[in-house]
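Peer 1: For reference, the sequence and a predicted model appear below.
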Amino acid sequence: MSSLHKTHKATASGFTLIEVLVALAIVSIALMSGLKVSGALTRNAQRQADVLLAQICADNALNQLRLSQQLPGVGDSRVPCLQVERNFEVALTVRTTPNPAFRRVDAQVFDAATPVLNITTVLGRY
């Protein structure tokens, strides 16, 4: 009779189905959280790359205005910008300022009609 008692005691020391299901639920929640964080980090890295390329486009367009050595005319214009095989577009808006020797220039960079970056600067007469 003691051998039967020992066998029954050995089989009762495993995990129950409820315990296994609870452990699986905890692991799945942890994995889903990790997946969500990983996705957020990937989107953030892509956003940083987009902003860097847009910054280069805006700087190029503004430097072109600076190098023209004349005060830019008031109005709106669009300049295409190819960076890393991606087509950006820079919308330049030139407005007057209270001082006629300066112009306010707003540069807004778009990627497929989606705004990526806005920069505002003041250009003076050279």
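Peer 2: Thanks, I have the structure now.

Peer 1: can we go C-alpha only for contacts and neighbour counts from here?
Peer 2: Noted.

Peer 1: State the next helix or strand along the chain beyond the helix or strand of the chain with the lowest mean pLDDT.
Peer 2: Lowest on mean pLDDT, DSSP states H and E among the helices and strands of the chain sits helix 2-11, with a mean of 51. Using DSSP states H and E, the next helix or strand after helix 2-11 towards the C-terminus is helix 17-67.

Peer 1: Tell me which residues of whichever helix or strand comes after that following helix come out buried.
Peer 2: Per DSSP H and E, the first helix or strand lying C-terminal to helix 17-67 is strand 75-83. Across strand 75-83, burial judged by 16 or more other C-alpha atoms under 10 Å covers Cys81.

Peer 1: list the helices and strands strand 75-83 packs on?
Peer 2: helix 17-67, strand 86-96 (3 or more C-alpha pairs under 8 Å, 6 or more residues apart in numbering; DSSP states H and E).

Peer 1: out of the ones you listed, deepest packed?
Peer 2: Ranked by mean neighbour count, those are led by strand 86-96 with a mean of 19 (mean count of other C-alpha atoms under 10 Å).

Peer 1: between that strand and strand 75-83, what angle do the directions make?
Peer 2: Per axes from the mean of the first three to the mean of the last three C-alpha atoms, to 10 degrees, the angle that strand 86-96 makes with strand 75-83 is 160 degrees.

Peer 1: show me the contacts for the spatially closest residue to Val109 that is not a sequence neighbour.
Peer 2: Nearest-residue entry for Val109: Val90, 4.4 Å, with adjacent residues in sequence omitted and distances by C-alpha to C-alpha, 6 or more residues apart in numbering. By C-alpha atoms under 8 Å, 6 or more residues apart in numbering, the contact list for Val90 reads Cys57, Ala58, Ala61, Arg78, Val79, Pro80, Cys81, Ala107, Gln108, Val109, Phe110.
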